[in-house]
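**Q** When you get a sec, could you give me coordinates for this:
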Amino acid sequence: MKTTFKIIGMHCASCSASIEKNLAGLPGIVSATVNFANEKLYVEFNEKIISSEKIIRKIKSSGFDAADISKNDPAPIFTSKEQNETATAQKKFWQSLALGSPIIYMVLAGLFGLPLPAVSVKISALIHLAIATAIMALNYPLYASGLKSLIRRDPNMDALIEIGTVAAYGYSLFLTVSVWFNDNHAGPLYFESAVMILIFISLGKYLETAAKGKTSAAIKKLIGLAPKNATVIINGQPRTILISEVKTGDTILVKPGEKIPVDGIVTEGNSAVDEKAITGESIPVQKSPGAGVIGATLNVNGSFTFRATKVGDETMLAQIIKIIEDAMGSKAPIQRLADKTARYFVPAILAIAAIAMVVWLMLGKPLAFALTVFISVLIIACPCTLGLAIPTAIMMGTGLAAKYGILVKNGKALEIAAKIDTVVFDKTGTLTVGKPKVTDIAGPETEENIIKIAAGVERQSEHPLAMAITQAAAEKKLTPVKVTDFHAAPGKGAVAEFGNKKIIVGSRPLMEDNHIPLADREKEISGFEQNGKTVVIVAWGGKITGLIAIADTIKPDAKKAIDKLTSMGKNIAIISGDNMPVAKAIANQLGIKNIMANVLPQDKSAAIKKFQAGGKLVAMVGDGINDAPALAQSDLGIALGSGTDIAIETGDIVLVKDNLSDVATTMELSAYTLRKIKQNLFWAFFYNSLGIPIAAGILYPATGWLLNPVIAAAAMSLSSVSVVLNSLSMRNYKN
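**A** Predicted structure coming up:
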């Protein structure tokens with residue numbers, strides 16, 4: 001049995017790992033996967049051995065809360081807590097910054113000689129103490145989380161921050177008490193360390209909750225695609241009912257401009273349906289009795305009735321939602337390095353500090369000496385440098401990307417982009433413009449006459465192919481002929497009269513219906529069709545006047561972008577809902593050999609999985625709703641800014657300028673950012689590796705010199721400064 005739980009109380013990715021670890025040992029659990037982004041737990045279990053209630057009790061015993069949501073609406077539950085989470089985190093950051101601004105100024109004043117109010121050392125210490133205490137109280141959830149993780153013996157990033165800030169705060173509190181009650185000179189205080197760490201962490205929490213909110217929005221908007229009502233024919237009369245009330249077998253009426261409510265088969269009428277949102281088909285598909293229709297697609301023109309064959313969870317839209325949720329529920333290939341490090345780093349530092357303290361006590365040193373060693377080790381090992389190493393580089397990297405019109409939605413996306421080896425492009429609207437356009441004109445008549453005659457008929461039609469022809473006439477500044485007696489031939493074309501002669505504009509079947517011979521032009525027609533183009537035949541006076549080839553054209557920058565990625569050693573593939581001749585024609589022009597055509601949304605996701613099963617790291621580039629499952633399944637989803645909201649929300653990266661060359665730019669920026677992250681981590685660990693032994697007193701027996709907390713704090717600050725400066729140097733990057 002598979003069940004989904006909503007988890008409340010997670011603060012970092014380590015929390016999700018802790019839940020998985022605790023559940024894995026329970027009898028009857030087949031698999032347990034926590035998605036930190038959408039705060040859900042996906043569990044497969046043997047209901048004969050364990051129940052949902054027992055799973056919830058186990059989760060609660062780990063310090064979290066949970067609710068079984070599998071029995072509710074299959075759509076995600078969007079609680080008021082989720083909606084307010086980002087606003088609360090943002091508010092906490094600004095409050096921390098506002099509270100900490102006086103202490104930040106006082107520290108800067110001491111460094112740069114800025115004016116300060118004339119207060120005594122005692123009063124200054126109290127001000128520092130009050131501000132630090134207020135900010136720590138404001139961020140109490142962090143301390144609760146860190147403490148719980150330590151109690152579980154599974155420390156997370158919150159535990160790192162907790163130990164660092166408490167060490168700095170505790171030592172400073174000790175000095176403050178000393179100066180007030182013993183009139184001792186306090187020396188440098190370290191309240192500012194706790195303050196700065198908490199301000200930065202509160203900013204990180206805000207950015208994280210904002211990203212989580214956007215992830216949920218993708219599913220929410222998908223759900224909103226389907227119309228809320230349907231017009232069902234009951235006893236011969238149309239009746240509007242809720243879509244949830246539609247049953248398999250119902251006869252449903254769809255008028256022009258309306259969305260089709262559920263999947264089904266046309267029973268009466270003819271129309272053109274825009275299925276691009278679901279299938280990726282660039283040109284609306286003609287529907288007549290016996291043809292299948294898909295829920296949430298748009299009826300362009302003409303009314304028709306259809307019999308509902310799939311409703312509720314069975315519709316294609318519902319399946320797309322499920323695919324995306326499954327992809328989002330799977331484990332990310334890259335885990336947060338800081339959380340992994342915390343699992344070993346925190347216990348190691350505590351052990352080193354405690355051992356050093358005990359050793360010096362055993363050697364006969366006074367408690368004050370041993371306590372100084374203990375505090376020095378904790379302060380020099382304060383994880384603020386480790387906490388700064390990755391986020392500062394990621395923030396600079398995302399800022400650089402934004403400068404180039406690339407929106408990176410999370411640090412994981414920026415981190416993994418450089419490692420991508422396979423790039424899969426959607427065709428319609430991504431590599432191509434996404435709208436039909438006249439590409440070729442051939443025939444006995446001149447191009448001008450062919451367009452003028454065809455446009456005279458087609459300007460009375462709203463079909464996309466007709467609009468492409470009238471657009472061609474407008475671009476060539478040609479005046480269409482004035483026709484009479486116009487009438488449409490659904491699914492085939494249109495017929496009218498001009499100069500007492502019949503004009504026929506449309507497909508092969510329409511010509512055959514009107515006994516227009518095609519033999520003389522068969523070679524040209526077949527040639528256009530083999531190149532993936534739709535041929536509109538124009539006949540006047542009983543014979544063919546000309547041929548108009550219409551196709552979706554390649555974007556101007558597509559070839560350059562593909563060439564750039566190929567030169568970088570990336571494997572390129574094209575995936576499309578269009579037929580093979582159309583997809584192959586586009587691929588050949590771009591030099592892409594790996595072609596997948598006639599691919600439905602479910603199959604797009606499966607195609608990405610197949611690449612991944614072969615050990616590939618896959619980036620999917622798309623713009624439509626039909627691309628959303630593949631964007632979610634891929635290791636890196638790249639959406640075009642002009643695409644649908646669903647593609648943009650589901651993608652990890654958004655190309656605002658719709659410039660396909662920015663796919664390569666993203667990967668180059670990622671590689672550059674990764675280099676900076678590695679440099680930052682080197683400095684973070686270099687200072688700790690060098691400073692911790694010295695703080696523990698390794699040099700004392702030979703030199704008589706003991707690292708005091710003042711120097712330890714200075715070393716810690718130096719490491720932080722080096723990391724920040726290294727990240728800030730990224731501003732000089734030029735592509």
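**Q** Please enumerate the helices of the stretch 601-735 of the chain.
**A** 601-613, 628-633, 645-650, 662-695, 700-703, 709-728 (DSSP state H, counting those that start in this stretch).
**Q** Next, format the ones you listed as TSV and append distance to Ile394, mean neighbour count and mean pLDDT.
**A** No exception for glycine: its C-beta is placed from N, CA and C like everyone else's. Output for these, formatted as TSV (distance: least, CB to CB, whole Å; neighbours: other CB atoms under 10 Å; pLDDT from 0 to 100):
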stretch	distance to Ile394	mean neighbour count	mean pLDDT
helix 601-613	24	19	87
helix 628-633	21	30	87
helix 645-650	21	26	62
helix 662-695	7	20	85
helix 700-703	39	10	88
helix 709-728	9	20	67
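**Q** Tell me which of those helices lies nearest to Trp94.
**A** Minimum separation from Trp94 across these (CB to CB) falls at helix 709-728, 21.4 Å.
**Q** This protein - how does it break down into domains?
**A** 2-72, 81-214, 229-314, 338-405+669-735, 406-431+555-667 (automatic domain parsing).
**Q** thinking again about what came up before, including distance to Val373, could the helices of the stretch 601-735 of the chain go into CSV?
**A** Formatted as CSV, the helices of the stretch 601-735 of the chain follow (distance: least, CB to CB, whole Å):
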stretch, distance to Val373
helix 601-613, 50
helix 628-633, 51
helix 645-650, 52
helix 662-695, 7
helix 700-703, 9
helix 709-728, 10
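**Q** Quick one: closest of these to Leu129.
**A** The minimum distance between Leu129 and the helices of the stretch 601-735 of the chain falls on helix 709-728, with 16.5 Å, by CB to CB.
**Q** Tell me the predicted confidence for the most centrally placed residue in the chain.
**A** In the chain, the C-alpha nearest the mean C-alpha coordinate belongs to Asp652, at 2.8 Å (CA atoms, centre = their mean). As predicted, Asp652 sits at a pLDDT of 84.
**Q** pretty sure it contacts Lys409?
**A** Yes - between Asp652 and Lys409 there is a contact under CB atoms under 8 Å: 5.4 Å.
**Q** And Tyr672, how far from Ile8?
**A** Applying CB to CB, to the nearest Å, the value for Tyr672 to Ile8 is 38 Å.
**Q** Can you add distance to Ala473 and give the domains of the chain back as CSV?
**A** Formatted as CSV, those follow (distance: least, CB to CB, whole Å):
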stretch, distance to Ala473
domain 2-72, 50
domain 81-214, 44
domain 229-314, 19
domain 338-405+669-735, 35
domain 406-431+555-667, 23
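**Q** most tightly surrounded among those domains?
**A** Highest mean neighbour count among the domains of the chain (mean count of other CB atoms under 10 Å): domain 406-431+555-667, with a mean of 22.
**Q** End to end on that domain, go ahead and measure it.
**A** In domain 406-431+555-667, first residue to last residue: 11 Å (CA to CA, to the nearest Å).
**Q** Out of the helices of the stretch 601-735 of the chain, flag the one nearest Ser101.
**A** Closest among the helices of the stretch 601-735 of the chain, using CB to CB: helix 709-728, at 18.8 Å.
**Q** Bridged to Ile441, which residues?
**A** Here Ile441 sits in beta bridges with Ile548, going by DSSP bridges.
**Q** ditto for Ala494
**A** According to DSSP bridges, beta-bridge pairing links Ala494 with Ala488, Val505.
**Q** In this structure Ala418 contacts Ala664, no?
**A** No - taking contacts as CB under 8 Å, Ala418 lies outside contact range of Ala664: 11.2 Å.
**Q** Spit out the contact partners of the nearest residue to Lys228 once chain neighbours are set aside.
**A** Excluding its sequence neighbours, the residue lying closest to Lys228 (CB to CB, 6 or more residues apart in numbering) is Ile243, at 6.0 Å. Ile243 makes contact with 226-230, 261-262 under the criterion CB atoms under 8 Å, 6 or more residues apart in numbering.
**Q** quick one: the residue nearest to the centre of the chain from Gly614, how far?
**A** For Asp652, the distance to Gly614 - CB to CB - is 21 Å.
**Q** Could you do Val166 as well?
**A** 48 Å.
**Q** got it, and Gly491?
**A** Counting by CB to CB - Gly491 and Gly614 are separated by 42 Å.
**Q** Repeat that for Ala144.
**A** Where Gly614 is concerned, Ala144 sits at a distance of 44 Å (CB to CB).
**Q** quick one on the thing from earlier: tell me which of the domains of the chain lies nearest to Gly546.
**A** Of these, nearest to Gly546 by CB to CB is domain 229-314, at 20.4 Å.
**Q** Please compute how far the closest one lies from its chain's middle.
**A** 31 Å (CA atoms, centre = their mean, to the nearest Å).
**Q** first vs last residue of that domain, how far apart are they?
**A** 17 Å.
**Q** per-residue confidence averaged over it?
**A** Rounded mean pLDDT across domain 229-314 is 88.
**Q** swap in stretch 536-552?
**A** Across stretch 536-552, pLDDT averages out at 92.
**Q** what's the offset of it from the middle of its chain?
**A** Centre-to-centre, stretch 536-552 and its host chain are 45 Å apart (CA atoms, centre = their mean).
**Q** Same question for stretch 569-584.
**A** Distance of stretch 569-584 from its chain centroid, counting by CA atoms, centre = their mean, is 23 Å.
**Q** Tell me which helix or strand comes right after the helix or strand hosting Ala353.
**A** For Ala353, the element it lies in under DSSP states H and E is helix 337-362. Per DSSP H and E, the first helix or strand lying C-terminal to helix 337-362 is helix 367-380.
**Q** and that next one, what does it pack onto?
**A** helix 157-181, helix 337-362, helix 662-695, helix 709-728 (3 or more CB pairs under 8 Å, 6 or more residues apart in numbering; DSSP states H and E).
**Q** for Phe117, helix, strand, or coil?
**A** In this structure residue 117 is Pro, not Phe. Recorded secondary structure, Pro117: coil (DSSP: H, G, I helix; E, B strand; the rest coil).
**Q** Run through the residues that contact it.
**A** By CB under 8 Å, 6+ apart, Pro117 has no neighbours at all.
**Q** about what we covered before: now do the residue nearest to the centre of the chain against Ile677, distance only.
**A** Counting by CB to CB, the gap from Asp652 to Ile677 is 17 Å.
**Q** same deal with Ala413?
**A** Going from Ala413 to Ile677 by CB to CB gives 14 Å.
**Q** How about Ile50?
**A** For Ile50, the distance to Ile677 - CB to CB - is 41 Å.
**Q** Kindly report the same for Ile19.
**A** Ile19 is 27 Å from Ile677, by CB to CB.
**Q** Same check on Leu725?
**A** For Leu725, the distance to Ile677 - CB to CB - is 15 Å.
**Q** and what of Glu53?
**A** Counting by CB to CB, the gap from Glu53 to Ile677 is 43 Å.
**Q** related to what we said a few turns ago, which stretch among the domains of the chain approaches Ile503 most closely?
**A** domain 229-314 (20.5 Å).
**Q** Just the buried residues of the helix or strand containing Ser526, please?
**A** Secondary structure assignment for Ser526, by DSSP H and E: helix 522-530. In terms of neighbour count (16 or more other CB atoms under 10 Å), helix 522-530 has its buried residues at 524-525, 528.
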